[in-house]
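Peer 1: Return atomic coordinates for the entry below.
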Amino acid sequence: MGKCSCRQWVSVVVAGQRIALEKVSEGHDPLWAELQYQSVKTHLDQAFFIVSSAQPWCVCPMCQGIGCRACRESGLLGKYRFDNIVPRELKLAPCG
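Peer 2: Okay, here's the model as predicted:
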């Protein structure tokens, strides 16, 4: 499994867990009575955000894909990092 498909797989698994948790909480199954649904949902939402944020969104505009500190030597940036660390003038260049 390549890096790209592995990252996508992780997102799909976390999303699937969120859906499964909703179904379990709706069923009021006594086997799950001890589960704190809202707490688990919050953690799954955080995990989904972190995994989604790490997925490559564009080539790093600071190094043009060569690798630098901003992209952690990968040459790629996730959308969250792009939005938060790339200077505005570099954001004007086409990306994504």
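
Peer 1: got the domain boundaries for this structure?
Peer 2: Structural domains annotated on the chain: 1-54, 56-96, as defined by automatic domain parsing.

Peer 1: Which of those domains has the lowest mean pLDDT?
Peer 2: Across these, domain 1-54 has the smallest mean pLDDT, namely a mean of 80.

Peer 1: Just give me how far the top helix by length along the chain sits from the chain centre.
Peer 2: The helix spanning the most residues in the chain, taking DSSP state H as the definition, is helix 3-27. Taking Cα atoms, centre = their mean, to the nearest Å, one finds helix 3-27 lying 12 Å from the centre of the chain it belongs to.

Peer 1: Check stretch 68-77 too.
Peer 2: With Cα atoms, centre = their mean, you get 16 Å for stretch 68-77.

Peer 1: who touches that stretch?
Peer 2: Stretch 68-77 has contacts (Cβ atoms under 8 Å, 6 or more residues apart in numbering) with 56-63, 65-67, 81, 85-86. In short, each C-beta sits where N, CA and C put it, glycine included.

Peer 1: List buried members of those residues by neighbour count.
Peer 2: The neighbour-count test (16 or more other Cβ atoms under 10 Å) marks Pro56, Trp57, Cys58, Val59, Cys60, Pro61, Met62, Cys63, Arg81, Val86 as buried among the contacts of stretch 68-77.

Peer 1: Output the residues you listed as CSV; include the columns distance to Gln46 and secondary structure.
Peer 2: Below are the buried ones among the contacts of stretch 68-77 laid out as CSV (distance: Cβ to Cβ, whole Å; DSSP: H, G, I helix; E, B strand; the rest coil):
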residue, distance to Gln46, secondary structure
Pro56, 20, strand
Trp57, 19, strand
Cys58, 24, strand
Val59, 27, strand
Cys60, 25, coil
Pro61, 28, coil
Met62, 28, coil
Cys63, 29, coil
Arg81, 17, helix
Val86, 24, coil
